[in-house]
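Novice: When you get a sec, could you give me coordinates for this:
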Amino acid sequence: MHKQDPVLNAIPFIKEELNYEVKDGIVFVKFVQEHKIQKLFRKLGKKIPKESVVELDSYSSLVFTNINGKNNIGQIIKNVQNNSEEEIEHLTERTLVFLEYLLHTSKWIYYKNEEGLK
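Specialist: Numbering: from 1, shown residues only. All right, here's what the predicted structure looks like:
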């Protein structure tokens with residue numbers, strides 16, 4: 001990995017407001033469902049849970065648990081390669097795609113580079 005590569009040097013952080021727990025190496029993300037429509041349907045007698053849980057698979061959990069505010073993306077990829085049974089060639093791409101998903105789609109993380117810029 002190249003020291004000057006800004007992607008690999010970016011440091012991901014988990015957003016503080018994200019409610020999650022790790023059990024036996026698997027990450028469970030909890031969401032409170034308190035949208036106006038959900039509340040309305042509950043009042044009308046529909047069974048809508050107040051909380052939902054997303055369980056990450058073992059690979060995604062491995063990536064997620066390496067996001068600690070200290071590891072940059074390059075270090076996360078290296079840690080995943082050392083602890084995963086998948087082919088190394090596909091791990092880098094899969095890890096980058098998953099991190100992009102966490103940033104843009106689920107909005108569970110944000111980045112800082114080594115200089116501390118957000």
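Novice: Return the residues in contact with the residue nearest to Ile26 when sequence neighbours are not counted.
Specialist: Once flanking residues are discounted, Ile26 sits nearest to Ser61: 4.9 Å by Cβ to Cβ, 6 or more residues apart in numbering. C-beta: built from backbone N, CA, C; applies to glycine. Contact analysis of Ser61 by Cβ atoms under 8 Å, 6 or more residues apart in numbering lists Val22, Gly25, Ile26, Val27.
Novice: From Pro6, how far out is Ser61?
Specialist: 26 Å (Cβ to Cβ, to the nearest Å).
Novice: Which strands or helices does the lengthiest strand in the chain pack on?
Specialist: Taking DSSP state E as the criterion, the chain has its longest strand at strand 26-32. If you count contacts as 3 or more Cβ pairs under 8 Å, 6 or more residues apart in numbering; DSSP states H and E, strand 26-32 packs onto strand 19-23, strand 51-55, helix 58-65.
Novice: Same list (the ones you listed) but as JSON lines, adding distance to Gln33.
Specialist: Below are the helices and strands packed on strand 26-32 laid out as JSON lines (distance: least, Cβ to Cβ, whole Å):
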{"stretch": "strand 19-23", "distance to Gln33": "12"}
{"stretch": "strand 51-55", "distance to Gln33": "6"}
{"stretch": "helix 58-65", "distance to Gln33": "22"}
